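**Q** Quick check, what structure comes out for this input:
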Amino acid sequence: MRVMRLGREVDYQQAWALQRRLHDEVVEGGEDALLLLEHASVLTAGTSTRESDLPLDGSPVVRVDRGGRITWHGPGQLVAYPIVRIGELGVVDWVRRLEQAVIDVLRPLGLDAERVPGRAGVWLRGDGSPLARDAKLAQVGVRVAAGVSMHGVAVNVDPDLSEFARIVPCGITDADVTSIAARLGSAPSVEEVGDAFADALIALGVAAIPAASARPVVAA
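**A** The predicted model follows:
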């Protein structure tokens, strides 16, 4: 699997175009790829987004072909786009693999993250009270075409969480959005979290080549 580190403030449309090109290459037999990056601030709306989710302040929104609803991407957030053959996995099982990779990254940090039944993504559970609601720490939204996945995961490392207040993030009104830094008081760098995610995803056995043979490459 090619691990391509694209850096910070990456334009969403440029990254989306790269995803489409790599998707075509993988469909034609090319090597799987994993893009790791931070986007410049952007709102993206998946195929299930409702009008009531959209910002009221007129902020521009990019309509995309992934599943899920509206979310924000920007500085302080790891975005990981695996462009991989999912083989015999269905889309739901693939999403569960991505969630598990995030959970495996968070556990050594002391965060007991988990899934919430009926909701995609990775969560820290509250006690159900208004002051301690469930909080989403990572969003997942994918598209699978010709057996190859694109789009992926966004992990809130240390972003400006107020950005999510402009929208109904992921269409959820009864829970909060959080980050590693908000819960721990500090956080590893986005790059460190990205490297850990790549290791965790490869360890789950979803790469097209054996994990022991994987060699990360740095994108220009």
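**Q** Every contact and neighbour count from this point should use C-alpha atoms.
**A** Noted.
**Q** my read: Val153 touches Leu137, true?
**A** No. In this structure Val153 lies outside contact range of Leu137 using Cα atoms under 8 Å: 10.6 Å.
**Q** low-confidence ranges in this protein?
**A** Residue ranges of the chain with pLDDT under 70: 128-131, 206-220.
**Q** which helices and strands does the longest strand anywhere in it pack with?
**A** The single longest strand within the chain, with elements called by DSSP state E, is strand 135-145. Applying 3 or more Cα pairs under 8 Å, 6 or more residues apart in numbering; DSSP states H and E, one finds that strand 135-145 contacts helix 91-106, strand 119-124, strand 148-156, strand 176-177.
**Q** out of the ones you listed, which comes closest to Arg50?
**A** Among the helices and strands packed on strand 135-145, the nearest to Arg50 by Cα to Cα is strand 119-124 (16.4 Å).
**Q** and that closest one, what does it pack onto?
**A** Against strand 119-124 (3+ Cα pairs under 8 Å, 6+ apart) you get helix 91-106, strand 114-116, strand 135-145.
**Q** So what sits opposite the residue nearest to the spatial centre of the chain in the bridge?
**A** By Cα atoms, centre = their mean, the mean C-alpha position of the chain lies nearest to Val153, the distance being 1.3 Å. Under the criterion DSSP bridges, Val153 forms beta bridges with Ala80, Val140.
**Q** how far away is it from Ala198?
**A** Distance of Val153 to Ala198, computed by Cα to Cα, to the nearest Å: 12 Å.
**Q** and if you look at Leu56?
**A** 36 Å.
**Q** Distance to Gln77 for the helices and strands packed on strand 135-145 - can I get that in JSON lines?
**A** Formatted as JSON lines, these follow (distance: least, Cα to Cα, whole Å):
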{"stretch": "helix 91-106", "distance to Gln77": "13"}
{"stretch": "strand 119-124", "distance to Gln77": "14"}
{"stretch": "strand 148-156", "distance to Gln77": "5"}
{"stretch": "strand 176-177", "distance to Gln77": "12"}
